[in-house]
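**Q** Using only what follows, build the 3D model:
(one chain, ligands or ions: 1)
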Amino acid sequence: MADTQEAIDIGHIALGELRQASFPAAENWELFRVHFPSEVHAAILKHAVEDEEVELCGVLVGEVCKDEKGPFLTICGAIRGEHASHQAAQVTFTQETWAHIHRELDLLYPDKRIVGWYHTHPGFGAFLSRMDLFIHENFFNLPWQVAFVIDPRSGEEGAFCWKKGKVERMRHYWVGQEERASLEGVTAGAGDLAKKVRDLETGLEAFQNHFRRRLRDLSWSLIAVVIVFGLMLLWLFTLPSVRESGWNRIHFFWSTHQGGSDAGRQDSDQLGRSQSPGG
Ligand SMILES: [Zn+2]
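**A** Numbering: from 1, shown residues only. Coordinates of the predicted model:
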């Protein structure tokens, strides 16, 4: 990737364009969350164990949404990568694979988009190889697109997302209501403390992001209030009638307080006499 290009990052997801929705599970603070409904996750696993000798692949279909905690991915389906070229430790999306995927997408999920891809690593763990990174950089290079890797032999799974131009393993993802650790060892006994520290760090980072966003919103509303108030004042003082009556009032105040108080009383006496009937 060119150095001049802005690094792809989940932090660059434009929130304005996203639909507001509620995240389907209870969760911790995360910068970006990925949710699989149980049946979609089960369908991916079913595909993954069909051949444990070669790598199998497919795409993830869904929607990018947002809630008060930030953006999240809600996956609603998976399309198998038929006609993909399989080798023992490598998978390639061919032209036929893409044609098949787009046909299925139009037919089954016309209002959804490709939010990532999945593939298997039979017997060698959940990570992204150099070839996987090439695929991710070339076909899944939008900030919210993710990779999901399954080792059907060990059962290890990993979710990966864009961070500062690199594809990094996510700490968690959600399957149904269950929060799963994506990092190796985070659920192991010895890793408990490390997990807690990492969770705390992620939580803090997400909270800071949230706070910064709120502060930005607040300062914009403050600027808007000041502008509106200023415009109101300007409008009030440029109205000819208001300006005139304002001057009249100032003039009257001035004349009644500069020895004109007697003259004022005389004026009112005269007015009273002329108005009384018959004199
Ligand atoms: Zn791979």
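
**Q** what residues are up against whichever residue of the stretch 151-279 of the chain sits closest to the ion?
**A** The ion sits closest to Asp151 of the stretch 151-279 of the chain, with a gap of 10.1 Å, by C-beta to the ion. (Each C-beta comes from the backbone N, C-alpha and C, glycine too.) Residues near Asp151 by C-beta atoms under 8 Å, 6 or more residues apart in numbering: Thr120, His121, Pro122, Gly123, Phe124, Gly125, Ala126, Glu157.

**Q** what about the residue lying closest to Glu82 once chain neighbours are set aside, neighbour count?
**A** Distance criterion C-beta to C-beta, 6 or more residues apart in numbering; nearest residue to Glu82, sequence neighbours excluded, is His100 at 4.8 Å. Using other C-beta atoms under 10 Å, His100 is surrounded by 17 other residues.

**Q** Just the C-alpha atoms of the helix or strand containing His100, please, in PDB.
**A** Using DSSP states H and E, His100 falls within helix 95-108. Taking Å, rounded to 0.1, in the frame of the first residue of the first chain, the C-alpha atoms of helix 95-108 are listed here in PDB:
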ATOM      1  CA  GLN A  95     -13.200 -14.400 -10.900                       C
ATOM      2  CA  GLU A  96     -15.800 -17.200 -10.800                       C
ATOM      3  CA  THR A  97     -15.800 -17.000  -7.000                       C
ATOM      4  CA  TRP A  98     -16.600 -13.300  -7.100                       C
ATOM      5  CA  ALA A  99     -19.300 -13.800  -9.800                       C
ATOM      6  CA  HIS A 100     -21.000 -16.500  -7.600                       C
ATOM      7  CA  ILE A 101     -20.800 -14.200  -4.500                       C
ATOM      8  CA  HIS A 102     -22.300 -11.200  -6.200                       C
ATOM      9  CA  ARG A 103     -25.100 -13.400  -7.700                       C
ATOM     10  CA  GLU A 104     -26.000 -14.700  -4.200                       C
ATOM     11  CA  LEU A 105     -25.700 -11.300  -2.600                       C
ATOM     12  CA  ASP A 106     -28.200  -9.800  -5.100                       C
ATOM     13  CA  LEU A 107     -30.500 -12.700  -4.700                       C
ATOM     14  CA  LEU A 108     -30.500 -13.300  -1.000                       C
END
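
**Q** Tell me which residues of it come out buried.
**A** Thr97, Trp98, His100, Ile101, Glu104, Leu105 (16 or more other C-beta atoms under 10 Å).

**Q** for those, which one is nearest Ala224?
**A** Leu105 (41.6 Å; C-beta to C-beta).

**Q** Enumerate every residue touching that closest one.
**A** Residues in contact with Leu105 (C-beta under 8 Å, 6+ apart) are Val61, Ile79, Lys112, Arg113, Ile114.

**Q** State the phi and psi torsions of the second one.
**A** Per-residue torsions, Ile79: phi -110, psi 130 (degrees, to the nearest 10).

**Q** Distance of the closest residue to it other than its chain neighbours relative to Cys57?
**A** Counting by C-beta to C-beta, 6+ apart, Ile79 lies nearest to Glu104, which is 4.6 Å off, once chain neighbours are set aside. For Glu104, the distance to Cys57 (C-beta to C-beta, to the nearest Å) stands at 14 Å.

**Q** other SSEs contacting the following helix or strand past the helix holding His100?
**A** Toward the C-terminus, helix 95-108 is succeeded by strand 113-120 as the next helix or strand (DSSP H and E). On a contact count with 3 or more C-beta pairs under 8 Å, 6 or more residues apart in numbering; DSSP states H and E, strand 113-120 meets helix 38-48, strand 57-67, strand 70-80, helix 95-108, helix 130-139, strand 146-150.

**Q** ok, whatever residue of the chain ends up closest to the ion - contacts?
**A** With C-beta to the ion, the shortest gap between the chain and the ion falls at Asp132, namely 4.0 Å. By C-beta under 8 Å, 6+ apart, Asp132 lies in contact with Val91, His119, Ala147, Val149.

**Q** Now for these: which two are most distant?
**A** Farthest-apart pair in the contacts of Asp132 is Val91 and Ala147; separation 11.4 Å (C-beta to C-beta).
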